[in-house]
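Engineer: Just the structure for this:
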Amino acid sequence: MQITAFYIFHITPKRQYSALVKMAYAGFLLRRAKGCSFAKIMGSGGGSLGFGLSPNFKLYAAIMVWDSLEQMKNFEASNRMFAAYSKISSSVDKFYGQAFQVHGKWDGAEPFKAFPDPLLAGSKIIVLTRAKIRWSQIRNFWRFVPSTSEALTQVDGRLFSIGVGELPLIYQATLSIWETQEHMRAYAYKNPQHLEAIKKTKELNWYSEELFGRFYLLPLP
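Structural biologist: The predicted model follows:
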């Protein structure tokens, strides 16, 4: 079974420069880990929930796709780059997911394989969205960010959310965790601000590439 790991590193104030420098080669080293088929390390923006134009040097995120649970555990226990980021972090949030619905591509690849499982249908849900914003639409896109991010903070059933990206100005991703699929769908299909953003996405053709994935939140240690 494919497992997707989501890591959030909360960098200590005195080690922010070290974290930034490691970004230059961390992605390459993470992708070389045994059993890892896809890896991205990303920064975060300032402002509410990481959706801002200014960088946030206090937080970094990594997304890694694993062929097996054993290989993922071996990585967390022995990988030097993972240990280096963990050492300069005050805390590391770890979320593990099994994809059950995926649409789109990330840098031309389809890294997440969907495996719907009726036994996990009642699980909490991880939602990942990622988009490459067209240069011509950057201003239009960021005009709508404050209202949509603020709306997200007020939604019932949202347990966690953060905005991240390889280059958050252009490559924008959102990671959120929801109590149930019903809560997630209520926001996705009924929230006025979110529906307006979807409408503008289609009208103005904001993105040159986008990906949307839903994952069961796995109860792993």
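Engineer: going forward, measure contacts between C-alpha atoms and count neighbours the same way
Structural biologist: OK.
Engineer: Check Ala151 and give its pLDDT.
Structural biologist: What the model reports for Ala151 is a pLDDT of 67.
Engineer: for this structure, which residue is closest to the average position?
Structural biologist: The centroid of the chain falls nearest to Leu175 when counting by C-alpha atoms, centre = their mean (3.8 Å).
Engineer: thinking it is in contact with Arg158, fair?
Structural biologist: No. Leu175 is not in contact with Arg158 according to C-alpha atoms under 8 Å; the separation is 11.0 Å.
Engineer: Which stretches in this protein count as strands?
Structural biologist: Secondary structure of the chain by DSSP state E: the strands cover 3-11, 36-45, 55-66, 89-104, 125-133, 158-167, 171-178, 207-217.
Engineer: so what does the last one touch, helix or strand wise?
Structural biologist: Packing partners of strand 207-217 (3 or more C-alpha pairs under 8 Å, 6 or more residues apart in numbering; DSSP states H and E): strand 89-104, strand 125-133.
Engineer: Deepest-packed of these, please.
Structural biologist: When you average the neighbours per residue for each of those (mean count of other C-alpha atoms under 10 Å), strand 125-133 leads with a mean of 22.
Engineer: mean confidence for that one?
Structural biologist: 93.
Engineer: now the strands of the chain in a markdown table, with distance to Val145?
Structural biologist: Output for the strands of the chain, formatted as a markdown table (distance: least, C-alpha to C-alpha, whole Å):
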| stretch | distance to Val145 |
| --- | --- |
| strand 3-11 | 22 |
| strand 36-45 | 12 |
| strand 55-66 | 15 |
| strand 89-104 | 22 |
| strand 125-133 | 13 |
| strand 158-167 | 11 |
| strand 171-178 | 11 |
| strand 207-217 | 14 |
